[in-house]
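K.L.:
Only the shape, not the letters, is given here:
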């Protein structure tokens, strides 16, 4: 094997070229792309030693406008079918297809890492469009695009350049009926391919190609991050296609409820799915089940980026609620039976979860209680399937502050759950260990840290014995115990737990993964609270380095770590470094949430604080006044946070010798504190003391 420096052909072929190859292949009974290469393309180019495209006249080729990502073990007819779909959307497309444009007669020299990371990547970016042949869409096994290293590499490049590359998935028409039937019969299975995706287990025709691509992927994102980004991209497409199927089914079964005209959907796939559905003769209950499953999938979907996750969940919940409402409406048109009652209960549970995401807790609890009523009517009061509903009710009650009622619900879950060796270590939300962790959280909310710690340690013992020490659930339990020890002032015990969790996570995902960054941040906070600002800076800096390499230096996931580094440098008296990180955190937060968001104002107040500590009082006062303007507009003057800003401004005026303005703002702070945290709070008493000192002329 030699190392080559092959350039990438920038030319593509017209659809008529691949259709002509298909005609020849069908004439010879050839099925897969590999067959077409071995029996047609390779013999046709052997004498000339060139790529197939070089044998074509100029009227059949030109600068490529779309890269076709496909698996050679898949049917060639499916690949051509997808190119026909692309052509229907974008006439006169010129397809870059490795089978036809690459020279397969030039040997198997290995390309360098630089070729993959630069030359081929730039080729994808230059073409700017990737069409993925999504077949076999439901398997990660040999033959699917998600099993091939080359395809996953192309998908990752497109995912990382979402603003530059138009990435689209296409289902061959031969798979329409299977896809629709699978959605109706086993919705969960449609996402199996994405959940099992693992680039390290993918295959390539040449081992040296796979090794080079994996090295590049590891340098770019790491293989775990690659799996997440690509799987989320595929999942997003599956949700889109499932929505089309649902709309086609709605038009077929209950046309008067269709909110959009069929013409508002992509005409080709919509028509194909409608045809497939007509052959399957689905029922209204199946339609309601599809709505329920689709809504649940949308509700649980994230794009793999932590940035704005809460906003994404809130947006998803609105879409999910629409699916759930349509399902309930459909069920209301059919006679009630055991199956429909359980489906209706599931819908009410999902609606409750969606409302809880948007902090509509009363509505959430109402729907969970209705779900429980339906389940108990259909299954009986002591059926274990009610555990999920009790668990959801407990979560909402805990958020509402009804902690005793939440504990009662969790007790019901434990009483109903039959503990067996198989279920003890389960990660399901109704498993004993999960419930123990949720009960521990409730006790923590009640201020019973010792009781919370006891339950977490029970859960840890079960998880260690059933899942093993080196499991992500075991690591997360160590983190919870570490947090409790930290809150209880047990710094050594907290650091020991975080260190164990860090060892486990490092073995599972590597030392440059965002999860390891979180643990470094946790350890840093313990060190800082314990007065060891040097070790705090060391761990925060490690976390910052990991997050920067994972998401980029400007990603919002770095905001908290920048602010924490500012705190550590401030504690050490290194004001220039503290100001640098406080300013960075504030600027990034402003870019994400806007100038006047309360969280932006808090970070700006840190900038003002360090300016004041550096003696730059005028600049500090200007920043505090900007903070105050934002808080008055969003929080009002009677708010604890606004009161803190009044107090900080008063301090600056006092240091400047401006007694009149200092007294004015101390009085404003006093009013805010008395109304929010009470007259007996130490902060309120301190402000009152400062006012009295001024009044007495001290």
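P.N.:
Now that the structure is in, tell me what you want to look at. Quantities reported herein were computed from a predicted structural model and do not represent experimental measurements.
K.L.:
so where do the helices sit in the stretch 201-350 of the chain?
P.N.:
207-220, 223-253, 267-280, 284-300, 309-331, 338-357 (DSSP state H, counting those that start in this stretch).
K.L.:
Check the stretch 401-550 of the chain too.
P.N.:
Taking DSSP H, counting those that start in this stretch to define them, one finds helices in the stretch 401-550 of the chain at 403-416, 432-445, 449-466, 472-487, 491-509, 514-529, 533-551.
K.L.:
tell me which residues in the fourth one are buried?
P.N.:
This means helix 472-487. Under the neighbour-count criterion of 16 or more other CB atoms under 10 Å, helix 472-487 has 473-486 buried. Placement of C-beta: from N, CA and C, glycine included.
K.L.:
Return the closest of those with respect to residue 441.
P.N.:
When the buried residues of helix 472-487 are compared for distance to residue 441 (CB to CB), residue 480 wins out at 8.2 Å.
K.L.:
And the closest one, how far from residue 18?
P.N.:
Applying CB to CB, to the nearest Å, one obtains 56 Å for the distance of residue 480 from residue 18.
K.L.:
who touches residue 386 in this structure?
P.N.:
Residue 386 sits next to 372, 375-376, 379, 412, 416 when contact means CB atoms under 8 Å, 6 or more residues apart in numbering.
K.L.:
farthest-separated two in these?
P.N.:
The span of the contacts of residue 386, defined through CB to CB, is set by 379 and 412 at 14.3 Å.
K.L.:
Neighbour count for the two, which is higher?
P.N.:
The residue with more neighbours, out of residue 379 and residue 412 and counting by other CB atoms under 10 Å, is residue 412; that gives 21 against 16.
K.L.:
Using just helix, strand and coil, how would you label the residue nearest to that one when sequence neighbours are not counted?
P.N.:
Ranked by CB to CB, 6 or more residues apart in numbering and with sequence neighbours excluded, the top spatial neighbour of residue 412 is residue 390, at 4.8 Å. Assigned by DSSP: H, G, I helix; E, B strand; the rest coil, the conformation of residue 390 is helix.
K.L.:
I'd say residue 390 and residue 407 touch.
P.N.:
No: because the distance of 11.3 Å does not satisfy CB atoms under 8 Å, residue 390 is recorded as not touching residue 407.
K.L.:
Who has more neighbours out of these two?
P.N.:
More neighbours sit around residue 390 than around the other of residue 390 and residue 407, counting by other CB under 10 Å; the figures are 24 against 18.
K.L.:
For the more buried one, give me its contacts.
P.N.:
With the criterion set at CB under 8 Å, 6+ apart, residue 390 makes contact with 372, 409-410, 412-413, 416.
K.L.:
ok, so what distance separates it from residue 477?
P.N.:
Relative to residue 477, residue 390 is positioned 22 Å away (CB to CB).
K.L.:
now swap in residue 68 and tell me
P.N.:
Following CB to CB, the distance that separates residue 68 from residue 477 is 47 Å.
K.L.:
Then residue 12?
P.N.:
The separation that residue 12 has from residue 477, given CB to CB, amounts to 54 Å.
K.L.:
swap in residue 456?
P.N.:
Per CB to CB, residue 456 is found 6 Å from residue 477.
K.L.:
Need the overlap of contacts for the two.
P.N.:
When contacts are counted by CB under 8 Å, 6+ apart, residue 456 and residue 477 are jointly contacted by residue 437.
K.L.:
residues contacting the spatially closest residue to residue 495 that is not a sequence neighbour?
P.N.:
Computed as CB to CB, 6+ apart, the closest residue to residue 495 that is not its neighbour in sequence is residue 526, at 5.5 Å. Contact partners of residue 526, counting by CB under 8 Å, 6+ apart, are 482, 486, 491, 494-495, 498.
K.L.:
hmm, try it at 7 Å
P.N.:
Residue 526 makes contact with 486, 491, 494-495, 498, according to CB atoms under 7 Å, 6 or more residues apart in numbering.
K.L.:
farthest-separated two in those residues?
P.N.:
The most widely separated members of the contacts of residue 526, counting by CB to CB, are 491 and 498 (10.5 Å).
K.L.:
May I have the distance across stretch 328-338, first residue to last?
P.N.:
Taking CA to CA, to the nearest Å, the span from the opening residue of stretch 328-338 to its closing residue is 15 Å.
K.L.:
coming back round to it: looking at the contacts of residue 526, which one is closest to residue 469?
P.N.:
Distance ranking of the contacts of residue 526 against residue 469, using CB to CB, places residue 498 first at 15.3 Å.
K.L.:
count of residues packed around the closest one?
P.N.:
A count of neighbours around residue 498, defined by other CB under 10 Å, yields 27.
K.L.:
Quick check: it touching residue 521?
P.N.:
No: counting by CB atoms under 7 Å, residue 498 sits too far from residue 521 to count as a contact (9.7 Å).
K.L.:
So what's the residue count around residue 377?
P.N.:
Summarising burial for residue 377: neighbours were counted as other CB under 10 Å, giving 12.
K.L.:
tell me which element it falls in.
P.N.:
In this structure, residue 377 is located in helix 361-379 according to DSSP states H and E.
K.L.:
Now that helix: buried residues?
P.N.:
Buried-residue list, helix 361-379, by 16+ other CB under 10 Å: 361, 363-368, 370-372, 374-376, 378-379.
K.L.:
what's the answer for stretch 553-572, then?
P.N.:
With burial defined by 16+ other CB under 10 Å, the residues of stretch 553-572 counted as buried are 555-572.
K.L.:
same thing with stretch 162-178?
P.N.:
For stretch 162-178, the buried set under the neighbour-count rule, 16+ other CB under 10 Å, comprises 165, 167-173, 175-177.
K.L.:
How about residues contacting it?
P.N.:
Here stretch 162-178 makes contact (CB under 7 Å, 6+ apart) with 78, 81-82, 85-86, 124-125, 128-135, 137, 158, 179, 233-234, 237, 241, 272-273, 276, 279.
K.L.:
what's the span of that stretch, first residue to last?
P.N.:
Criterion CA to CA; first-to-last residue distance in stretch 162-178 is 30 Å.
K.L.:
Next, count neighbours for residue 443.
P.N.:
Using other CB under 10 Å, residue 443 is surrounded by 20 other residues.
K.L.:
For it, give me its contacts.
P.N.:
Neighbouring residues of residue 443 by CB under 7 Å, 6+ apart: 451-452, 455.
K.L.:
among the residues you listed, who's most crowded?
P.N.:
residue 452 (25 neighbours).
K.L.:
my guess is that one contacts residue 484, does it?
P.N.:
Yes: because the distance of 5.8 Å satisfies CB under 7 Å, residue 452 is recorded as touching residue 484.
K.L.:
what is in contact with those two at once?
P.N.:
Listed contacts common to residue 452 and residue 484 are residue 444; contacts here mean CB under 7 Å, 6+ apart.
K.L.:
In three-state terms, label residue 636 for me.
P.N.:
At residue 636, secondary structure determined by three-state DSSP is coil.
K.L.:
For it, list the residues it contacts.
P.N.:
Contacts of residue 636 by CB under 7 Å, 6+ apart are residue 642.
K.L.:
Any figure for the gap between it and residue 663?
P.N.:
If you measure residue 636 against residue 663 using CB to CB, the figure is 22 Å.
K.L.:
Check residue 70 too.
P.N.:
75 Å.
K.L.:
Where does pLDDT dip in the chain?
P.N.:
Confidence mapping of the chain against pLDDT under 70 gives the ranges 1-6, 107-109, 136-143, 191-193, 256-268, 303-312, 418-430, 698.
K.L.:
make it 50
P.N.:
Across the chain, the stretches falling below the confidence threshold (pLDDT under 50) are 1-4, 138-141, 261-263, 306-307, 419-427.
K.L.:
ok, of the buried residues of helix 361-379, which one's closest to residue 685?
P.N.:
Using CB to CB as the measure, the one of the buried residues of helix 361-379 that approaches residue 685 most closely is residue 361, at 34.6 Å.
K.L.:
my guess is the closest one contacts residue 401, does it?
P.N.:
No: between residue 361 and residue 401 there is no contact under CB under 7 Å: 9.8 Å.
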